[in-house]
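K.L.:
have a look at this fold, sequence not included:
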């Protein structure tokens, strides 16, 4: 097996062991601060080139900076194999988010289990963009399940795909695009033109990983004795109904495997945003349902890591 495969295994183990402790500076948070500065600079240039072109240059600049920074760190340590290996493990660990996704989402469920609907809404607001102040308990749980399902692709499978393609640099480029989409990909007045490039590039890079995630979820559902066939049929029937070309695939797979219904009415900044329903409400959303989502999260992540290691073992 290749050295990169073992380094990835070490990174995944480190992610499971410590997650993203708040005392440790995280590169994605640092990148977010850089992006804010770049947005200000390119918006100032917009009168010269237009918001549409400014947004494209903003995206290209930010992505190139992220990739170049990681590439440079690898080049500077390449003379010392042990140090280069440590840097590779660090980047792969920092750009995976299995443990943090579990902890952040389960904290919401834990608050509900203690009967704290208000605190559960507040915790959910930390991981979703929708308004949470008036959500009922089933709506809070729906938010948790949808977040875990979508981030199975964005935070786990997709970064692993790009690690297999181009190592830590590929992983960094993907995470940069994904972060840009979360910051500037909104279809509101502020970002309709300026954020178009970030949103479209994120759609392109997530096209294959989102569909691969759906397949992996179905395979894990089979092992966990959930409903794998219903996961696949739900993907076939409902995934394409979502306005996003990608997020419906992991969400539909999870909904079908569990027998729950996702989608429906959300509010963003007080504005209603109805989404098509995914799946069938065969099982009510509950704390127990979220426990099964947790199993799907770790099972799918383990399978994705194993698949990536297998791909790396064939790379010269």
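P.N.:
That came in fine, so what should we check first? Just so it is clear, the structure is predicted and the values come from calculations on it, not from any experiment.
K.L.:
okay, CA-based contacts and neighbour counts for the rest of this
P.N.:
Fine.
K.L.:
quick one: the helices in the stretch 201-316 of the chain?
P.N.:
For the stretch 201-316 of the chain, the helices defined by DSSP state H, counting those that start in this stretch cover 228-238, 248-258, 287-313.
K.L.:
and stretch 280-293, how far from the chain's centre?
P.N.:
21 Å (Cα atoms, centre = their mean, to the nearest Å).
K.L.:
what's the weakest-modelled helix or strand in the protein?
P.N.:
Least confident helix or strand, the chain: helix 27-49 with a mean of 80, by mean pLDDT, DSSP states H and E.
K.L.:
by contact count, what packs against it?
P.N.:
For helix 27-49, the helices and strands in contact under the criterion 3 or more Cα pairs under 8 Å, 6 or more residues apart in numbering; DSSP states H and E are helix 51-76, helix 158-184.
K.L.:
can you list the buried residues in the first one?
P.N.:
Just to be clear, that refers to helix 51-76. 51-59, 62-63, 65-67, 70-71, 74 (16 or more other Cα atoms under 10 Å).
K.L.:
which strands and helices sit next to it?
P.N.:
Here helix 51-76 is seen to pack against helix 27-49, helix 81-94, helix 158-184, helix 196-223 when contacts are counted using 3+ Cα pairs under 8 Å, 6+ apart.
K.L.:
cool, and the last one?
P.N.:
The elements that helix 158-184 packs onto, with contact taken as 3+ Cα pairs under 8 Å, 6+ apart, are helix 27-49, helix 51-76, helix 81-94, helix 196-223, helix 287-313.
K.L.:
how about the last one: buried residues?
P.N.:
Okay, so that is helix 287-313. Of all the residues in helix 287-313, those buried under the rule 16+ other Cα under 10 Å are 287, 289-290, 292-294, 296-305, 307-309, 311-313.
K.L.:
how far off helix 248-258 does it point, in degrees?
P.N.:
Here helix 287-313 runs at an angle of 130 degrees relative to helix 248-258 (axes from the mean of the first three to the mean of the last three Cα atoms, to 10 degrees).
K.L.:
got it, and the third one?
P.N.:
Here helix 81-94 runs at 70 degrees with respect to helix 248-258, directions being taken by the same axes, to 10 degrees.
K.L.:
which strands and helices sit next to the helix or strand that helix 81-94 is followed by?
P.N.:
Remark: after helix 81-94, the chain's next helix or strand is helix 98-113, criterion DSSP states H and E. In terms of contacts (3+ Cα pairs under 8 Å, 6+ apart), helix 98-113 is packed against helix 3-18, helix 117-125, helix 137-151, helix 287-313.
K.L.:
now do the contacts for residue 245.
P.N.:
203, 207 (Cα atoms under 8 Å, 6 or more residues apart in numbering).
K.L.:
please report how far it lies from residue 314.
P.N.:
As for residue 245, its distance to residue 314 is 31 Å (criterion: Cα to Cα, to the nearest Å).
K.L.:
cool, and residue 159?
P.N.:
Taking Cα to Cα, one finds residue 159 at 19 Å from residue 314.
K.L.:
before we move on, back to that, closest to residue 7 out of the helices and strands packed on helix 158-184?
P.N.:
Proximity to residue 7, assessed across those by Cα to Cα, is greatest for helix 81-94 (5.6 Å).
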